[in-house]
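In: sequence and predicted structure below; questions after.
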Amino acid sequence: MAHPEKKIGSLKKLIYILLLSVSSISWSQKEWINAAVNAATVTSNDVFTYQISTDCDCDIIAPNLSAFDIIDMESGKSKSFSSFNGQSSGEQCTNTLTYLLRGKKKGKFEIGEAKAKCPKSKKSSTSINIEVLSADEVHKKAQGEAPYYFNLETNKKTAKIGEPVIIDFFMFTRARPQDITTITSGNAGGNFRQNLFEETSQGFSFPVYQVKVKGNDYYKIHLRQEVILPSAAGKLVIEPYFGRAVERYEVFNAIYMEGYSNSITIDVKDLPSKRPDNYYGMVGDFELTHAISQTTIAAKHAFELTVKISGTGTFNLFKDPEFLLPESFGATPDEPISNLKISENGLTGDVEYTFILTPIKEGKYNILPYSFGYYSLKEGTFKSVATESFEINVTPGEGGDIEDPNNNGGIIVEDDIRHIHKNNNLFTLSGFFGGLFFWLLILIPLMSVFIFFLIKRKKSRLTDGEKVAQEQREVKKTVAKSVQDIQKSDTLNIRQLKANLDEYLITNLSLGRSQLSKSSVSSKLQEKGCDDKLKSDFESIWSKIEMAQYAPISNENLDQLAKDTSTLIKDLNKIL
Amino acid sequence: MMKSILTYLLLLVGLTSIASEGSTNLDDANTAYEAKNYKLAIETYEALIAEGNVSADIYYNYGNAQYRSGDLGLSIWGYESALQLDPDHEDALFNLEFVNAQTTDHISTSRQGIRHWLGSMFFTESINFWAYFSIGSSILLSLTILLFLRSQRGRKRSLLLLASAGFSLFLIGGIIIGYSHHNRIHNQDQAIVISDLVDVKMSPMDDAKPSFSLGAGAKVDLLSSQDKATAGWVEIEMNGNQGWVEIGSVKAF
């Protein structure tokens, strides 16, 4: 029998081992790989998805996919969070590699194991079997039997280079779809192509016909019509078009009808090998017209040369016209005006080129003709169109403004610098701005306001006694000055003298105007400590002023009285 | 106060007399230019500029004289200097574009960005305009404050307070723009290549490896001022490329 402590020890060990095993299992589960396809049976037209997923720490090693065409490949990483019973189980990072594949030929193929090289181990996915059916066989089998299928048709199996070929993409379906969501054209080898349906225009609807195929009724929906202008001889393969339609909308999703069409091969014949020198690939039927605004023009004036190419054909290959101009001619090409339309016959319309030419020097010049060659589909031969040669007579000109052929307000051609200016407004850089004088002129007005503000503030803070004293001081000054002024004045005025004396006494003796009498002033003077002489001087002056108001007084006496009053105020100022 | 006004008047008279003296020389230079004596015109313009008498037109005329005498680099320097003082100088812009088209580098004269926008907005007036503008604003600000302090009525006080705020902004704005203009002219942080062909070197040494070359008329940013040049070399930058050139091969503006 084992010792109980030992039993507990071995149990602990067992628990540790279990925990370790669980943690290592959970750790090993972090390293994983998975591979999947979205369809196991496809036609040779179908593009299907093959995706490999693994943990972010692992590097993916893809299997051999040489049995398939790789249409596209994309890799990426994504993170997700998962939780169980409200508890987060952590972040999971997924590394994915996605291929878009298409079968090369019919048969059964195996996509081998995808491998993942992880930090702890190497992982492998299971292999996947793909059955590729012949698209043509499936397509033929589907015609008239399948609930829906897509068909690609052409108006020509053989065409010349540059000859327009029409490609029509149809959907045959027993149930009329509620919506068309996707139409993708197959590759056409980089040839010029243009959709003849204006699918994006308002009110556009796909043409729908009712047809019978193998005795079954189908809706034939014309999804796309394209014109292709082949540019090279050989086999032109139009790869399958893809279509997707909504059969019906349900509450939360839609039921789609989607698939690829058949492909089409067109035999493109080369053009005759004997070609004109000015041929560079134009096919169709073209005309060339031209116009020149003037053939006699002054030097440094402009004239206009217009070339218009019209017709039907490979305008997509047309190169901008180039004229061999004399060296002394300046040329400014305008934006070409294009009036081209696409139709079943290819590109039809015209393109107009305008050149503004400016001869600089006088003389007679010849502008050589411009031409280009093309293969006429109507006549089955090479042809050439050309402008005339132009003789331009350039007369002496003064330069400056040139005539604007479009009357757009004149174009200025100046072939020299502009003349000097004769303004004499010189200034010095180390001048006034920022100098001491500048700052003084800025600060003086502001300082004046500041000082005014300080004085005003100081005044507003004075006590009543200080205000009275200040007022008295001012009155003393003003009255003394007024009396002196009266004395100096040519026209002496006794009333003015009295008014000044009254003002002085009211302010300095704190008397009311009604209290102004000889006796009351005398007693106040006595209270203020004035001696008898000053008091008697005051009484004498007061009496004389009162007398003078009623009895005429000579100028000499008035002068003396003003002098005495002035002396009295000066004496009183010493005491009050 | 009277003394200040007197000083100011005296200064104005002094400046006017200097200006009129400069004008006489400027007339001489312009006459020499019209007589196709470009060498004399250049010497007279240079003498005026050296004396500190400047204007957008004098630099413009100097650029014209240099162009006529065949020096594209210095003519571009003249036009750029004119545009420094008056960013909207139409004829300087035209001539600069015209001359730049003849340089080996076919330098673009496109003037865009905030620097040019600020220049067109505020630096078309002379510095002294901003000086007078600031002084005028200061006087008007003082008057409105004075009236505000003396005013008793509420509505009048509000209006005066508003006017004071406006004149304060004018005063501050005037001083800031004036100083910016002043710095813009005095900083001289750009230069024109005046030598026919300059090797821009990786380091300020004669035997240093050339980084790239610039033709006459190329406009560069100066990374070190010409005053503080390292033993006859100055560091430049053009389109993000940096290097050193000999000090005499560029002229700052």
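Out: Thanks, I have the structure now. Numbering: from 1, shown residues only, chains lettered A, B, ... in the order given.
In: drop to CA atoms for contacts and neighbour counts, all remaining ones
Out: Will do.
In: dump the residue contacts of the residue lying closest to A:Leu324 once chain neighbours are set aside.
Out: Distance criterion Cα to Cα, 6 or more residues apart in numbering or on different chains; nearest residue to A:Leu324, sequence neighbours excluded, is A:Leu368 at 6.1 Å. By Cα atoms under 8 Å, 6 or more residues apart in numbering or on different chains, the contact list for A:Leu368 reads A:323-325, A:388-390.
In: show me which of these is closest to A:Glu304.
Out: The closest of the contacts of A:Leu368 to A:Glu304 turns out to be A:Phe390 (Cα to Cα; 12.1 Å).
In: okay, and for chain A, where does confidence drop off?
Out: Counting by pLDDT under 70, chain A has low-confidence residues at A:1-30, A:82-90, A:397-415, A:424, A:428-431, A:475-476, A:480, A:483-484, A:486-492.
In: and if you look at chain B?
Out: For chain B, applying pLDDT under 70 flags the ranges B:1-24, B:104-116, B:119-120, B:124, B:225-230.
In: and residue 233, what is it in contact with?
Out: In the absence of a named chain, chain A is used. By Cα under 8 Å, 6+ apart, A:Ala233 lies in contact with A:160-161, A:267-270.
In: sorry, I should have been clearer: chain B.
Out: B:204, B:244-247.
In: is it in a bridge, and if so with what?
Out: B:Trp233 forms beta bridges with B:Thr230, B:Glu246, as assigned by DSSP bridges.
In: do you know how far it is from chain A?
Out: Computed as Cα to the nearest Cα, to the nearest Å, the B:Trp233 to chain A distance reads 27 Å.
In: okay, buried residues for stretch A:276-283 please.
Out: For stretch A:276-283, a neighbour-count test (16 or more other Cα atoms under 10 Å in any protein chain shown) marks A:279, A:281-283 as buried.
In: now name the helix or strand holding the residue nearest to A:Asp571 when sequence neighbours are not counted.
Out: Using Cα to Cα, 6+ apart and skipping the chain neighbours, the partner closest in space to A:Asp571 is A:Leu534 (7.7 Å). Element membership for A:Leu534 (DSSP states H and E) is helix A:532-550.
In: how many residues are close by residue 206?
Out: Because you didn't say which chain, this covers chain A. By other Cα atoms under 10 Å in any protein chain shown, 13 other residues sit near A:Phe206.
In: let me rephrase: I mean chain B.
Out: With other Cα under 10 Å as criterion, B:Asp206 counts 11.
In: does it sit in a helix, a strand or a coil?
Out: coil (DSSP: H, G, I helix; E, B strand; the rest coil).
In: ok, now A:Tyr280?
Out: Taking three-state DSSP as the rule, one finds A:Tyr280 in the strand state.
In: phi, psi of the nearest residue to it once chain neighbours are set aside?
Out: Counting by Cα to Cα, 6+ apart, A:Tyr280 lies nearest to A:Gly373, which is 7.2 Å off, once chain neighbours are set aside. Phi and psi for A:Gly373, reported as degrees, to the nearest 10, are phi -100, psi 160.
In: quick one: neighbours of A:Gly373, just the number.
Out: Using other Cα under 10 Å, A:Gly373 has 20 other residues around it.
In: check B:Thr103 too.
Out: B:Thr103 has 17 neighbours, counted by other Cα under 10 Å.
In: helix, strand or coil: sort out it for me.
Out: B:Thr103, by the three-state scheme (three-state DSSP), is coil.
In: picking that back up, would you reformat the buried residues of stretch A:276-283 as a markdown table and include distance to chain B?
Out: Shown next, in a markdown table, are the buried residues of stretch A:276-283 (distance: Cα to the nearest Cα, whole Å):
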| residue | distance to chain B |
| --- | --- |
| A:Tyr279 | 37 |
| A:Gly281 | 37 |
| A:Met282 | 38 |
| A:Val283 | 42 |
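In: show me the helices in chain B, by range?
Out: For chain B, helices defined by DSSP state H occupy the ranges B:2-34, B:38-50, B:56-68, B:72-85, B:90-100, B:114-122, B:127-150, B:154-187.
In: and A:Pro119, which of these is closest to it?
Out: A:Pro119 sits nearest to helix B:114-122 of all the helices of chain B, at 54.7 Å, using Cα to Cα.
In: how about the contacts made by A:Ala142?
Out: Residues near A:Ala142 by Cα under 8 Å, 6+ apart: A:148-149.
In: can you report how many residues neighbour the closest residue to B:Ile185 other than its chain neighbours?
Out: Sequence neighbours aside, B:Gln84 is the residue nearest to B:Ile185 in space, at 6.6 Å (criterion: Cα to Cα, 6+ apart). Applying the criterion other Cα under 10 Å, we find 22 residues in the vicinity of B:Gln84.
In: before we move on, what about A:Asn393?
Out: With other Cα under 10 Å as criterion, A:Asn393 counts 18.
In: now swap in A:Val208 and tell me
Out: Look at A:Val208: counted by other Cα under 10 Å, it has 15 neighbours.
In: likewise for B:Ala218?
Out: Counted with other Cα under 10 Å, B:Ala218 comes out at 26.
In: now A:Cys530
Out: Burial measure for A:Cys530: 18 neighbouring residues, criterion other Cα under 10 Å.
In: next, give phi and psi for the residue of the stretch 151-300 of chain A found nearest chain B.
Out: Closest to chain B within the stretch 151-300 of chain A is A:Lys300: 16.9 Å, counting by Cα to the nearest Cα. The phi/psi pair for A:Lys300 (degrees, to the nearest 10) reads phi 70, psi 10.
In: and if you look at the one 4 residues further on?
Out: Backbone geometry at A:Glu304, expressed as degrees, to the nearest 10, gives phi -120, psi 130.
In: equivalent analysis for the one 4 residues further on, please.
Out: For A:Lys308, the backbone dihedrals (degrees, to the nearest 10) come out as phi -120, psi 130.
In: show me what the nearest residue to it once chain neighbours are set aside is bridged to.
Out: Excluding the flanking residues, the one nearest A:Lys308 by Cα to Cα, 6+ apart is A:Glu352, at 4.3 Å. Beta bridges link A:Glu352 to A:Lys308, A:Ile337 when assigned by DSSP bridges.
In: run a quick neighbour tally on A:Glu352.
Out: By other Cα under 10 Å, the residues close to A:Glu352 number 19.
In: what does A:Glu91 give?
Out: Residues within reach of A:Glu91, counting by other Cα under 10 Å, total 11.
In: what about it, which SS state?
Out: Judged by three-state DSSP, the three-state class of A:Glu91 is strand.
In: from what I see, it and A:Asp55 are in contact.
Out: No: contact between A:Glu91 and A:Asp55 fails when scored by Cα atoms under 8 Å: they sit 11.3 Å apart.
In: hang on, A:Gly42 is in a strand, isn't it?
Out: Gly isn't right for residue A:42; it's Val. Yes: checked against three-state DSSP, A:Val42 lies within a strand.
In: how does the chain divide into domains?
Out: Chain wasn't specified; assuming chain A. A:30-82+A:90-133, A:136-269, A:279-409, A:465-575 (automatic domain parsing).
In: my question was about chain B, not that one.
Out: The record's domain parsing of chain B by automatic domain parsing lists B:2-107, B:127-186, B:190-252.
In: give me every residue in the stretch 101-250 of chain B lying close to chain A.
Out: Where the stretch 101-250 of chain B comes near chain A, counting by Cα under 8 Å from any Cα of the partner chain, the residues are B:127-128, B:130-131, B:134-135, B:138-139, B:141-143, B:145-146, B:149, B:178-179.
In: most neighbours, which of these?
Out: B:Ser134 (29 neighbours).
In: can you pull the contacts of that residue?
Out: Per Cα under 8 Å, 6+ apart, neighbours of B:Ser134: A:442, B:170-172, B:174-175.
In: return the member of these nearest to B:Val198.
Out: Nearest to B:Val198 among those, with distances taken as Cα to Cα, is B:Ile175, at 40.2 Å.
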